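Asker: Any chance you can model this:
(2 chains)
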2 protein chains.
Amino acid sequence: MEFRLIERIRELTAQARDDVQLGIGDDAALLLPPVGQHLAVALDTLVEGVHFPRGTAAADIGWKALAVNLSDLAAMGASPAWALLGLTLPRADADFVEGFAEGFSKLARPHRLALVGGDTTRGPLAISVTVHGFVPPGKALTRGGARVGDAVLVTGTLGDAAAGLQALQQPLSDDDTRAGLRAFLIERLNRPTPRLSAGVALRGQASACVDVSDGLVADLGHICSSSGVAAEIDAALLPRSPALMALYDEAAALQCALIGGDDYELCFTVPAARVADVQADLSRLGCGATRIGRIVEGAGVRVRGLDGEWMNTDRPGWEHFA
Amino acid sequence: MEFRLIERIRELTAQARDDVQLGIGDDAALLLPPVGQHLAVALDTLVEGVHFPRGTAAADIGWKALAVNLSDLAAMGASPAWALLGLTLPRADADFVEGFAEGFSKLARPHRLALVGGDTTRGPLAISVTVHGFVPPGKALTRGGARVGDAVLVTGTLGDAAAGLQALQQPLSDDDTRAGLRAFLIERLNRPTPRLSAGVALRGQASACVDVSDGLVADLGHICSSSGVAAEIDAALLPRSPALMALYDEAAALQCALIGGDDYELCFTVPAARVADVQADLSRLGCGATRIGRIVEGAGVRVRGLDGEWMNTDRPGWEHFA
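Answerer: From the prediction side, this is the model:
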């Protein structure tokens, strides 16, 4: 059965690439890395009930399992190329596999990402994806290059996915407008958009970069600890969607934007003098970027609240073993 | 917590390699593939209660999670280089992580394999490992090259792991000799040896190769379907260990050797005229290889029993969704 499931996934995700010598169907894939590029590789696992709620549609799970991995490549400034998939299912469920592969391939196709290997196993629903991308030597975005005086920016809006998760748990409203806003937030939770073109555009521009998977405070904290600096964020500057602002009060929306995870936006630092140019570059790609704070001496992330006072951010976002 | 667990694993598996530009600790690893080599990549997932019994020691799980992946590289004739680890644990268990990392690194170290990334998540115990290796262009061993007239060989002995799994479920014997034989079989189950040097030696020699993970009949069947041929195996020729023969009767030992999985030996085909030379090459590496049959026209795997009659092999080995 394993063979047939993987075969079906191969059919649904077919993507011809000259650099795939041997794809799914042997003991390992054989790949031809491009000469003169670095290979960026990331592995992320999603577990039902932890990274997505029980009852999430198979197509959403397929999309998201790939998206969170592509987001890691985006945060490095890498261009995606190949993926491997480890799919663990409670039973051989052809409908689930069809839906999963549809969501996975819908995201893979426009990026010309080829699924080259993996396996299916029996067990509690979980997905491990390994992605490979390319980045020119010296151009990768890391967490360690932020300097005092740099500006801190984020792409898109923050807090939507966390609000979408809450919305899933609330009773449905009859109001069409509210239902539409809810649907937007839930879509942001289930179908995050990895910021790949933004990541490529930030090569040679951003001094440090991370994707917002665990929450802004936690992930910006990773930049700070890797770079040996601190960050100061202004709550009033955090980009929040109209849907988030319409459905949640100010305090709840702020909470989602600061410590909610799963947005998969990029948080990055650039020299202050370069902010406007970088924003213009990203804007041409259809990707908004908002300045939310700055890098200072010290350690950790401080947030200035709407009242101008420093907030207590002891709860550093959502951790998998919290 | 995720961060600390992965940090600890990094400490325990530290392995300096010039081709690792950036290892654990950023959004992705940055690697430098060697120019002029193909990259062989495999991902395998192990789930508790499916791929190893509940109660298996953490160090054995760590070893085995890497071993089954290295075995995929061995079956391609590739030399290992890098791995990523997705570790899903019910709770943040420092003792488990110590044991796991010890077993993992004990196997990784002699192969100079560097752990370069991955993640830890909360959920039912499962491990996904992705391994990367190198193989010269045109030298990889695939499943598709077996030709009519080729001989079929296997390394080592078959059936030990399946017998070890059964031994785990049987009451302990007081007899020291039997206890020692049991321990041998259980060690074969928990600490399989990936046949990496044999795989490298078979480059340019074997016409097809697969590792025996699902059982001889099933895995040799993959060679047959990929190569468009059939295989005939002689049960009397199957290499079986003294422990297997001492603890199990003839029929049970044969069953283990034919359809038992998890041995991680290599099954390969070579032109009949090359058998003696290949056996001598492998013998110099300390790896026995036994001729067990031949490739013929047709499809599927046929087994001649000890009585000289063809056996019924309808049950094609252990499948994950069987």
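
Asker: Which residue ranges of the stretch 101-250 of chain A form strands?
Answerer: Counting by DSSP state E, counting those that start in this stretch, the segments of the stretch 101-250 of chain A that form strands are A:114-122, A:126-135, A:151-155, A:208-211, A:230-234.

Asker: Serialize those strands to TSV and add fields for distance to residue B:151 and mean neighbour count.
Answerer: Yep, even glycine has a C-beta here, placed from its N, CA and C like the rest. Formatted as TSV, the entries for the strands of the stretch 101-250 of chain A read as follows, by distance: least, C-beta to C-beta, whole Å; neighbours: other C-beta atoms under 10 Å in any protein chain shown:
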stretch	distance to residue B:151	mean neighbour count
strand A:114-122	29	25
strand A:126-135	36	28
strand A:151-155	59	25
strand A:208-211	52	28
strand A:230-234	65	21
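
Asker: Please, where are all the helices along the stretch 201-322 of chain A?
Answerer: Shown for the stretch 201-322 of chain A, the helices assigned by DSSP state H, counting those that start in this stretch span residues A:216-227, A:242-247, A:250-259, A:275-284.

Asker: closest one to residue B:239 among these?
Answerer: With C-beta to C-beta as the measure, helix A:216-227 is the member of the helices of the stretch 201-322 of chain A nearest residue B:239 (51.7 Å).

Asker: Strand A:230-234 and that closest one, what's the angle between them?
Answerer: Orientation note: helix A:216-227 sits at an angle of 150 degrees relative to strand A:230-234 (axes from the mean of the first three to the mean of the last three C-alpha atoms, to 10 degrees).

Asker: quick one: least confident helix or strand in chain A?
Answerer: Per-element confidence for chain A was summarised using mean pLDDT, DSSP states H and E. The lowest value among helices and strands belongs to helix A:2-12, with a mean of 71.

Asker: if we can go back for a sec, quick one, which of the strands of the stretch 101-250 of chain A gets closest to chain B.
Answerer: Minimum separation from chain B across the strands of the stretch 101-250 of chain A (C-beta to the nearest C-beta) falls at strand A:126-135, 3.6 Å.

Asker: Do any residues in that closest one lie close to chain B?
Answerer: Yes: counting by C-beta under 8 Å from any C-beta of the partner chain, chain B is contacted by strand A:126-135 at A:126, A:128, A:130, A:131, A:132, A:133, A:135.

Asker: Quick check: bridge partners of the nearest residue to the fifth one once chain neighbours are set aside?
Answerer: Nearest in space to residue A:132, with sequence neighbours left out and distances taken as C-beta to C-beta, 6 or more residues apart in numbering or on different chains, is residue A:82 at 4.4 Å. Note on residue A:82: beta-bridge partners residue A:114, residue A:132, judged by DSSP bridges.

Asker: Show the contacting residues for residue A:82.
Answerer: By C-beta atoms under 8 Å, 6 or more residues apart in numbering or on different chains, residue A:82 lies in contact with A:17, A:19, A:20, A:29, A:31, A:113, A:114, A:115, A:116, A:131, A:132, B:41.

Asker: try it again with 10 Å
Answerer: A:15, A:17, A:19-20, A:23, A:29, A:31, A:33, A:39, A:41, A:113-117, A:130-134, B:39, B:41 (C-beta atoms under 10 Å, 6 or more residues apart in numbering or on different chains).

Asker: for residue A:302, same thing?
Answerer: So, once contact is read as C-beta under 10 Å, 6+ apart, residue A:302 ends up touching A:217, A:230, A:231, A:232, A:233, A:293, A:296, A:310, A:311, A:313.

Asker: Is it bridged to anything, and to what?
Answerer: Note on residue A:302: beta-bridge partners residue A:232, judged by DSSP bridges.

Asker: That one and residue A:251, how far apart?
Answerer: From residue A:302 over to residue A:251 the distance is 18 Å, taken as C-beta to C-beta, to the nearest Å.

Asker: Over to residue A:292?
Answerer: With distances taken as C-beta to C-beta, residue A:292 is found 18 Å from residue A:251.

Asker: on that earlier part again, let's have the strands of the stretch 101-250 of chain A in a markdown table, adding mean pLDDT.
Answerer: A markdown table is the format used below for those (pLDDT from 0 to 100):
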| stretch | mean pLDDT |
| --- | --- |
| strand A:114-122 | 92 |
| strand A:126-135 | 98 |
| strand A:151-155 | 98 |
| strand A:208-211 | 98 |
| strand A:230-234 | 97 |
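
Asker: Let's have these in JSON lines, adding distance to residue A:260.
Answerer: What follows is the strands of the stretch 101-250 of chain A, written out as JSON lines (distance: least, C-beta to C-beta, whole Å):
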{"stretch": "strand A:114-122", "distance to residue A:260": "30"}
{"stretch": "strand A:126-135", "distance to residue A:260": "22"}
{"stretch": "strand A:151-155", "distance to residue A:260": "13"}
{"stretch": "strand A:208-211", "distance to residue A:260": "14"}
{"stretch": "strand A:230-234", "distance to residue A:260": "14"}
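
Asker: domains of chain A?
Answerer: The record, using automatic domain parsing to delimit domains, assigns chain A the ranges A:2-135, A:151-304.

Asker: now those in CSV, with distance to residue B:246?
Answerer: Output for the domains of chain A, formatted as CSV (distance: least, C-beta to C-beta, whole Å):
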stretch, distance to residue B:246
domain A:2-135, 32
domain A:151-304, 54
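
Asker: out of these, deepest packed?
Answerer: The highest average neighbour count among these, using mean count of other C-beta atoms under 10 Å in any protein chain shown, belongs to domain A:2-135 at a mean of 22.

Asker: so residue A:243 touches residue A:178, yeah?
Answerer: Yes: using C-beta atoms under 10 Å, residue A:243 is in contact with residue A:178, at 9.5 Å.

Asker: any common contacting residues for those two?
Answerer: Between them, residue A:243 and residue A:178 share the neighbouring residues residue A:167, with contact defined by C-beta under 10 Å, 6+ apart.

Asker: Quick check: mean pLDDT of the one helix or strand residue A:64 maps to?
Answerer: Secondary structure assigned from DSSP states H and E places residue A:64 in helix A:58-76. Here helix A:58-76 scores 97 as its mean pLDDT.

Asker: got the angle for that helix vs strand A:151-155?
Answerer: Note on geometry: by the same axes, to 10 degrees, helix A:58-76 and strand A:151-155 are set 160 degrees apart in direction.

Asker: quick check, stretch A:42-49 touching chain B?
Answerer: Yes: applying C-beta under 10 Å from any C-beta of the partner chain, one finds that stretch A:42-49 is in contact with chain B at A:42, A:43, A:44, A:45, A:46, A:47, A:48, A:49.

Asker: So which of those residues is the closest to residue B:139?
Answerer: Within those, the smallest distance to residue B:139 is 27.1 Å, found for residue A:43 (C-beta to C-beta).

Asker: now that closest one: how far from residue B:194?
Answerer: Applying C-beta to C-beta to residue A:43 and residue B:194 gives a distance of 20 Å.

Asker: what's the answer for residue A:296, then?
Answerer: The gap separating residue A:296 from residue B:194 is 50 Å, by C-beta to C-beta.
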